[in-house]
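Student: I'd like to go over a predicted model; first the sequence, then the structure.
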Amino acid sequence: MAARDPGWSRFGADTHRYELASALPEAEIRAFEEAHGIDLPAEYRSFVAEVGNGPAGPGHGLMPLTVPRPEIGEGWAVDGEWQEDRLSGRLAEPFPLTEPLPGRIGPSACEVTRGTLMLAEDGCGIFVRLILNGPRKGEVWQLDPDWGGFVPVSPDFRTWYTEWLQSP
């Protein structure tokens, strides 16, 4: 992808530069799951174990699983979102929605994101999240609290990431 976009003109490319961090060791993934009381969806889990732990990916890039991104001091909203996900028990909480929630959500957005893991930021406070439990486990949803609500964008991580790889 980097060869097709040497000037990083594609959205987010100037942030992740099409670079992948090293894959995570199995012990580190297992420790994260145990610490948070979750089992990561298989497709995402295999990606961070076999391909890489971000950042090359949709939006401004795939967020790392176990450690903050190196640029955390730059004051991006994505960093606060990443930290909030790692609060004790938050990822293990039941995902509260059974159906999409279109339209304005506003400040209560944090209530509907329990049981989800933020994967990426699409800009302007729009976040892509992976559902971690319940009947929608493994689905990828987009949270746009000001306009678009919280709605599914992909049936699973692999499809979501592959669509990014294949898009122009």
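Tutor: Received, thanks.
Student: What residues does the residue nearest to Asn133 when sequence neighbours are not counted make contact with?
Tutor: Spatially, and ignoring its direct neighbours in sequence, Asn133 is nearest to Gly115 (5.1 Å; C-beta to C-beta, 6 or more residues apart in numbering). Placement of C-beta: from N, CA and C, glycine included. By C-beta atoms under 8 Å, 6 or more residues apart in numbering, the contact set of Gly115 is 90-96, 131-134.
Student: Just the buried subset of those residues, please.
Tutor: The neighbour-count criterion (16 or more other C-beta atoms under 10 Å) marks 90-92, 95, 131-133 among the contacts of Gly115 as buried.
Student: And the strands in the protein?
Tutor: Taking DSSP state E as the test, the strands found in the chain are 116-123, 126-131, 140-144, 149-154.
Student: Quick one: closest of those to Met1.
Tutor: The closest of the strands of the chain to Met1 is strand 116-123. By C-beta to C-beta, the value is 15.4 Å.
Student: Give the other helices and strands that the closest one contacts.
Tutor: helix 77-85, strand 126-131, strand 140-144 (3 or more C-beta pairs under 8 Å, 6 or more residues apart in numbering; DSSP states H and E).
Student: Kindly export the shortest one (C-alpha atoms) in CSV.
Tutor: Written as CSV, here are the backbone C-alpha positions of strand 140-144 (Å, rounded to 0.1, in the frame of the first residue of the first chain):
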residue,chain,number,x,y,z
VAL,A,140,-17.4,-3.8,14.0
TRP,A,141,-19.5,-0.7,14.7
GLN,A,142,-18.9,3.0,14.1
LEU,A,143,-19.7,5.5,16.8
ASP,A,144,-20.5,9.0,15.6
